[in-house]
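*Asks:* No letters, just coordinates:
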């Protein structure tokens, strides 16, 4: 019957007082829910809390557990105290490394003096001399291979 009242009120089938029917039906359904809840609370009673004392074994187990937990937290604290400075230093070193690399690249490529960049890429005299010797050696080896193929 409640659903019918709600549906009639929602559809507007009654010319006057349709809104009050909806409110009345909602009010009745919430009242029935609160009655059911109160009935449930009355029927479910909690047993009285027992006041018990711990046996010697339970006290001993509780103390052992407390000591184990304290020891565990000391270990965790030591691990955190050890890891935090390392993490901070790692972050600092990575930030400095990125910053230094960026600054060096800017210093190399954005200098007004092209001599700085060419100075960094210039070969030493020893390397230049060694390269010319190796080129001569490669040329003579190729000539030797060509002569051997002709035979």
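*Replies:* Arrived safely. All of these numbers come straight from a predicted model, not from anything done at the bench.
*Asks:* Below-threshold pLDDT in this protein: ranges please.
*Replies:* Scanning the chain for pLDDT under 70 picks out the ranges 1-52, 111-120.
*Asks:* what ranges do the strands span in it?
*Replies:* Using DSSP state E, no strands are found in the chain.
*Asks:* May I ask you to name the longest helix in this structure?
*Replies:* Ranked by residue count and defined by DSSP state H, the top helix of the chain is helix 56-109.
*Asks:* and that helix, what does it pack onto?
*Replies:* helix 114-121 (3 or more CB pairs under 8 Å, 6 or more residues apart in numbering; DSSP states H and E). Just so you know, the C-beta spots here come from the backbone N, C-alpha and C atoms, and that holds for glycine as well.
*Asks:* which residues sit against stretch 68-78?
*Replies:* Residues from elsewhere that reach stretch 68-78 (CB atoms under 8 Å, 6 or more residues apart in numbering): none.
*Asks:* Just the buried residues of that stretch, please?
*Replies:* Judged by neighbour count (16 or more other CB atoms under 10 Å), stretch 68-78 contains no buried residues.
*Asks:* Ok, stretch 54-72 next?
*Replies:* Within stretch 54-72, no residue counts as buried by 16+ other CB under 10 Å.
*Asks:* Can you name the residues that contact residue 53?
*Replies:* Counting by CB under 8 Å, 6+ apart, residue 53 makes contact with nothing.
*Asks:* Quick check: the gap between it and residue 59.
*Replies:* Between residue 53 and residue 59 the computed distance is 9 Å (CB to CB, to the nearest Å).
*Asks:* what's the answer for residue 124, then?
*Replies:* Counting by CB to CB, the gap from residue 124 to residue 59 is 82 Å.
*Asks:* Equivalent analysis for residue 76, please.
*Replies:* 26 Å.
*Asks:* same check, this time on residue 97
*Replies:* Counting by CB to CB, the gap from residue 97 to residue 59 is 57 Å.
*Asks:* what's the answer for residue 96, then?
*Replies:* Distance from residue 96 to residue 59, by CB to CB: 56 Å.
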